[in-house]
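Visitor: Structure for the following, please:
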Amino acid sequence: MDEAVAAAAALRDGGSRSIVLVGYSYGSLVAIRAAAKLPDCVGWVAVNPPLSYAWFLLSFCSVHYAAARASGVPKLLIHGTEDVFCANGTFDTFAESLPEPRTVVAVDGASHFDVRRPLAAALAEWCASSGMFT
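Guide: This is a model prediction of the structure:
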């Protein structure tokens, strides 16, 4: 997480005005937590967060969930409906627990490793509709 914060700070120091953190699988949990530490973060994206195994991956630490639920920036959550690392009900419960603004994209029939095809389009549409880069 500290490395993600440092990378975002380097981008900001290099002239970037808007920071969006995007994470895939376990990296999505890192992105959520790092976004909470960046006051200039304008949004975060979680792609197939491994929520069904979070108890193990996070060693029973709930700070990632707390950071996500406290986040007022736009959020995009992308989930393959056949993801073995995150059951649909677990994902839906997590997504519904987040404050607005949030966008949820379910990729029908996609596994944990197969959300590449709609990812670029979902990101582009989300960025355009959220108004974060206007």
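Visitor: drop to CA atoms for contacts and neighbour counts, all remaining ones
Guide: Noted.
Visitor: Find the residue closest to Ser18 in space, skipping its chain neighbours.
Guide: The shortest distance from Ser18 to any residue other than its chain neighbours is 6.1 Å, reached at Val42 (CA to CA, 6 or more residues apart in numbering).
Visitor: mind checking which helix or strand of this protein has the lowest mean pLDDT?
Guide: helix 54-57 (a mean of 62; mean pLDDT, DSSP states H and E).
Visitor: Counting by contacts, list what the longest helix anywhere in the chain packs against.
Guide: In the chain, ranked by residue count with DSSP state H as the criterion, the top helix is helix 116-130. Here helix 116-130 touches strand 102-107, going by 3 or more CA pairs under 8 Å, 6 or more residues apart in numbering; DSSP states H and E.
Visitor: Spatially central residue in this structure, please.
Guide: Centroid-nearest residue in the chain: Ala46, 2.2 Å away (criterion: CA atoms, centre = their mean).
Visitor: and it, what does it touch?
Guide: 22-25, 28-29, 31-32, 75-78 (CA atoms under 8 Å, 6 or more residues apart in numbering).
Visitor: Among those, name the least confidently predicted one.
Guide: When these are compared by pLDDT, Leu29 scores lowest at 85.
Visitor: secondary structure element for it?
Guide: Element membership for Leu29, per DSSP states H and E: helix 26-36.
Visitor: Assumed the residue nearest to Ser18 was part of a strand.
Guide: Yes: Val42: assigned to a strand according to DSSP: H, G, I helix; E, B strand; the rest coil.
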